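Novice: Build me a model:
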Amino acid sequence: MTEQQRRRLIVICGPSGSGRTTLADAVSRELHIACPHEDAIKAALHDVGITTPHSYEIFRTLAEQQLANRVDLILEATFHGPDAPDLLRRWQRTDELDLTTVVCSAADGTRRMRILARPRHPAHAEADRQQLQDPGSTTDHTAFPGRLVLVDTDHPFADTLRSALTQSL
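Specialist: Predicted structure coming up:
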């Protein structure tokens with residue numbers, strides 16, 4: 001299978017307040033690729049009494065279904081669990097994907113300001129509280145397969161978006 005025939009998976013991740021949702025939405029609009037957000041699934045499930053651990057399973061199942069259907073996809077989530085590199089490696093191999101991981105980062109002060117300023121669903125309160133207590137905790141994304149794109153969202157948004165798009169294609 002040639003590179004042009006391979007389906008594209010762009011994973012946009014990073015800690016809370018790093019700008020990943022804003023960037024994922026903009027990349028989705030620019031590339032016309034669907035982008036399910038784990039946080040949106042988590043909030044909707046919370047509203048009907050389903051707990052957080054189940055939201056990730058549903059998010060993953062939806063992603064796997066679309067990848068199996070050979071659909072280009074952008075996934076926005078933290079992807080911070082120890083199983084994340086293996087999961088992405090399996091998807092890349094099984095679904096013959098052109099995989100890019102875009103890791104968003106921002107200074108701790110910027111992330112703190114964003115977390116405190118944004119309107120949030122109650123489903124995210126605990127995760128936000130943990131991020132405010134320990135903003136320095138991050139995931140080592142160098143073990144992720146495929147291309148790794150690092151973007152600093154402290155820069156002007158147009159520059160961040162251009163960098164993500166240029167390096168993801």
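Novice: First residue to last residue on stretch 141-148, what's the distance there?
Specialist: In stretch 141-148, first residue to last residue: 8 Å (C-alpha to C-alpha, to the nearest Å).
Novice: name the helices or strands packed onto the lengthiest strand in the chain?
Specialist: For the chain, the strand with the greatest residue count under DSSP state E is strand 97-105. Packed against strand 97-105, as judged by 3 or more C-beta pairs under 8 Å, 6 or more residues apart in numbering; DSSP states H and E, are the following elements: strand 7-13, helix 20-31, helix 84-94, strand 147-152, helix 157-168. For every residue, glycine as well, the C-beta is placed using N, CA and C.
Novice: any idea of the angle it forms with helix 157-168?
Specialist: Using axes from the mean of the first three to the mean of the last three C-alpha atoms, to 10 degrees, the direction of strand 97-105 lies 150 degrees away from that of helix 157-168.
Novice: Restricting to C-alpha, output strand 97-105 in PDB.
Specialist: Taking only C-alpha atoms (Å, rounded to 0.1, in the frame of the first residue of the first chain), the coordinates of strand 97-105 have been written out as PDB:
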ATOM      1  CA  LEU A  97      -2.000   4.200   9.300                       C
ATOM      2  CA  ASP A  98       0.000   7.200   8.600                       C
ATOM      3  CA  LEU A  99       0.200   8.200  12.200                       C
ATOM      4  CA  THR A 100       1.200  11.600  13.600                       C
ATOM      5  CA  THR A 101       1.100  12.600  17.200                       C
ATOM      6  CA  VAL A 102       0.900  16.300  17.900                       C
ATOM      7  CA  VAL A 103       1.800  17.100  21.500                       C
ATOM      8  CA  CYS A 104       0.600  20.500  22.800                       C
ATOM      9  CA  SER A 105       2.500  22.200  25.600                       C
END
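Novice: quick check: angle from that strand to strand 7-13?
Specialist: Using the same axes, to 10 degrees: strand 97-105 against strand 7-13 is 20 degrees.
Novice: and whichever helix or strand comes after strand 97-105, which residues are buried?
Specialist: Counting by DSSP states H and E, the next helix or strand C-terminal to strand 97-105 is helix 108-117. For helix 108-117, the neighbour count (16 or more other C-beta atoms under 10 Å) marks 110, 111, 112, 114, 115 as buried.
Novice: Reformat those residues into JSON lines and put pLDDT and distance to residue 143 next to each item.
Specialist: Below are the buried residues of helix 108-117 laid out as JSON lines (pLDDT from 0 to 100; distance: C-beta to C-beta, whole Å):
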{"residue": "110", "pLDDT": "92", "distance to residue 143": "26"}
{"residue": "111", "pLDDT": "88", "distance to residue 143": "23"}
{"residue": "112", "pLDDT": "88", "distance to residue 143": "27"}
{"residue": "114", "pLDDT": "88", "distance to residue 143": "26"}
{"residue": "115", "pLDDT": "85", "distance to residue 143": "26"}
